[in-house]
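In: Provided below for reference: sequence and predicted model.
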Amino acid sequence: MTRYVGAIDQGTTSTRFMVFDHGGSEVARWQLEHEQILPRAGWVEHNPAEIWERTSTVIKTALAHADLTAEDLAAVGVTNQRETTIVWNRRNGRPYYNAIVWQDTRTDRIVTELERGGHADTIRYKSGLPPAPYFSGGKLKWILENVPGVREAAERGDALFGTPDSWVLWNLTGGPRGGRHVTDVTNASRTMLMNLETLDWDDELLELFGVPRAMLPEIQPSVNPALFGTTSADGPFQAEIPIAGVVGDQQAATVGQLCFRPGEAKNTYGTGNFLLLNTGEEMVRSQHGLLTTVAYQFGDRKPVYALEGSIAVTGSAIQWLRDQLGIISGAAQSESLARQVDDNGGVYFVPAFSGLFAPYWRSDARGVIVGLSRFSNNAHLARAALEAICYQTRDVVEAMQADSGVQLDVLRVDGGVTANELCMQLQADFLGVPVSRPVVAETTALGAAYAAGLAVGFWKDTDELAQNWQESKRWNPTSTEEQRESGYARWKKAVSRTLDWIDVDD
């Protein structure tokens, strides 16, 4: 009996497999981290083979620990880190190069040359994205130009490109033995190669980036009754299960948070922060540094669009305190350490490790810690890191309100950092609006499950999903307007210190 829906969540630092029941409650979960490969400053890579191995392992382990089999699943959904770029050989499944992660900045020069060539407006208008190292197009161009043999293989049709959803889907559906080369509109909309109006690869954009169309996956709706394929019987599920929903991670969280009406917004706190505002079937072109993107597409219905504010480094700043500085032993300790002080002691930390994303889009920026004195200690730095998460979110909220005219009355939040109660209280204080966390905080996987379940009729419609949403906790603002504005002014001053640090020409 198919009582559940499964969801693969292939993220930046780990891969998990989760199983949900009809009420949207978690039934099973297994999660494994994968290596963060840092060959040089600004470069971030993953091993695609390791990602696939981790994906297979978490599926088998989660099912085994919950005493489930694939026959218990009505369908499977997939969600993923979005702009990360993988190129592999269709005949043997071997990657030509490591996955170039969305945080990677090596394509600074490529996007700068496109801007200097007068192509920025075309890219923005057609793709909804500014030319920036964040997106897949530049990363794919770098691989084609720098990895021997890839361009020739691409021209022959042997080299395939995809974001991690495509890589996982291809392997799940058979790999070299007939695996399906597909993606969905949300992931395709993050490449700088898809036209937002036609929902297809755009010939002019492909020419600008020098990308052969033959290497690109087929673009499908996010909720796909025709299916993205079925899992291979000799794969980790050991059965043929329909893969019926694919949604990029931040759009998946939008679905998981049930932001189905124009004006509804959510903020996901993960490796980075990603705030999406549903704008309905209307495509809103940002004038204040945000992205226009596809929120989701259900079957043959019109796509729903969103404004997005993408922040590169939030939760990963806490990882940096743990792994690079060694001042905390785990993410939870960042809260207890930060609570040892009443304020930041004048210390501001702008973690622009990969430049600044929305709303600044400055690839020349790098991280700074300012306001240090002999009084400063590790607790001040931990608090400044939590505050940086919240101030960066305020930057995006300000831009979103300017673009849309929508004033937030509550911010729906999800993701791992929402377990940090001090951080969520700071977020409410810095925004001056309540912050609401649902019972199921890991809404990326839940959104992928909802997409797959809607496609196969496990859930009837979005109204039925709405019955599943429950608030776990709400944080109300306690700060005064004067406190909010004075702190924000100092934050903006700290941001100004990050700029013009990297010379792209060098």
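Out: All right, it came through fine. As the structure is a prediction and not an experimental result, all values here were calculated from the model.
In: which residues make contact with stretch 138-157 from outside it?
Out: Residues outside stretch 138-157 that contact it (Cβ atoms under 8 Å, 6 or more residues apart in numbering) are 83, 85, 87, 89-90, 96-97, 100, 104, 106-107, 110-111, 131-133, 159, 161, 191-193, 209-212, 214-215. C-beta here means a position set from N, CA and C on the backbone, and glycine is covered the same way.
In: Could you tell me which residues within it count as buried?
Out: Neighbour-count burial for stretch 138-157, counted by 16 or more other Cβ atoms under 10 Å, picks out 138, 139, 140, 141, 142, 143, 144, 147, 150, 151, 153, 154.
In: Quote the end-to-end distance of it.
Out: 20 Å (Cα to Cα, to the nearest Å).
In: again, but for stretch 223-234
Out: Taking Cα to Cα, the first and last residues of stretch 223-234 lie 25 Å apart.
In: what comes up buried for that stretch?
Out: 223, 224, 227, 228, 229, 230, 231, 232.
In: Can you go through the contacts of stretch 138-157 and name the buried ones?
Out: Neighbour counting over the contacts of stretch 138-157 (16+ other Cβ under 10 Å) leaves 83, 85, 87, 89-90, 96-97, 100, 104, 106-107, 110-111, 131-133, 159, 161, 191-193, 209, 211-212, 215 as the buried ones.
In: Which ones among these lie within strands?
Out: Using DSSP state E, 87, 89, 100, 159, 161 are the members of the buried ones among the contacts of stretch 138-157 that sit in strands.
In: with those in mind, which one is nearest to residue 366?
Out: residue 100 (19.3 Å; Cβ to Cβ).
In: distance of the closest residue to that closest one other than its chain neighbours from residue 443?
Out: Leaving out its chain neighbours, the residue that sits closest to residue 100 by Cβ to Cβ, 6 or more residues apart in numbering is residue 139, at 4.3 Å. Going from residue 139 to residue 443 by Cβ to Cβ, to the nearest Å gives 27 Å.
In: Residue 458 reaches residue 20, doesn't it?
Out: No: in this structure residue 458 lies outside contact range of residue 20 using Cβ atoms under 8 Å: 9.7 Å.
In: Counting neighbours, go ahead and name the busier of the two.
Out: residue 20 (27 against 21; other Cβ atoms under 10 Å).
In: for that one, which residues make a bridge with it?
Out: residue 5, residue 26 (DSSP bridges).
In: show me what contacts it?
Out: 4, 5, 6, 7, 26, 27, 445, 446, 449.
In: What's the per-residue pLDDT of the fourth one here?
Out: By that I understand residue 7. Note on residue 7: pLDDT of 97.
In: What are the boundaries of the strands in the stretch 51-200 of the chain?
Out: 73-80, 86-89, 99-100, 159-162, 182-184, 194-195, 200-201 (DSSP state E, counting those that start in this stretch).
In: Ok, the stretch 301-450 of the chain next?
Out: Using DSSP E, counting those that start in this stretch, strands in the stretch 301-450 of the chain cover 304-311, 348-350, 368-370, 411-414, 435-438.
In: out of those strands, deepest packed?
Out: Mean neighbour count (mean count of other Cβ atoms under 10 Å) peaks for strand 304-311 among the strands of the stretch 301-450 of the chain, with a mean of 26.
In: all helices in the stretch 351-500 of the chain, in order from the N-terminus.
Out: Listed in chain order, the helices of the stretch 351-500 of the chain (DSSP state H, counting those that start in this stretch) span residues 378-404, 421-431, 443-456, 462-466, 481-496.
In: for stretch 17-37, which positions count as buried?
Out: For stretch 17-37, the neighbour count (16+ other Cβ under 10 Å) marks 17-20, 24, 26-32, 34, 36 as buried.
In: could you dump these to a markdown table with secondary structure and pLDDT?
Out: Listed next are the buried residues of stretch 17-37 as a markdown table, based on DSSP: H, G, I helix; E, B strand; the rest coil; pLDDT from 0 to 100:
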| residue | secondary structure | pLDDT |
| --- | --- | --- |
| 17 | strand | 97 |
| 18 | strand | 97 |
| 19 | strand | 96 |
| 20 | strand | 95 |
| 24 | coil | 90 |
| 26 | strand | 91 |
| 27 | strand | 93 |
| 28 | strand | 94 |
| 29 | strand | 95 |
| 30 | strand | 96 |
| 31 | strand | 96 |
| 32 | strand | 96 |
| 34 | coil | 95 |
| 36 | coil | 93 |
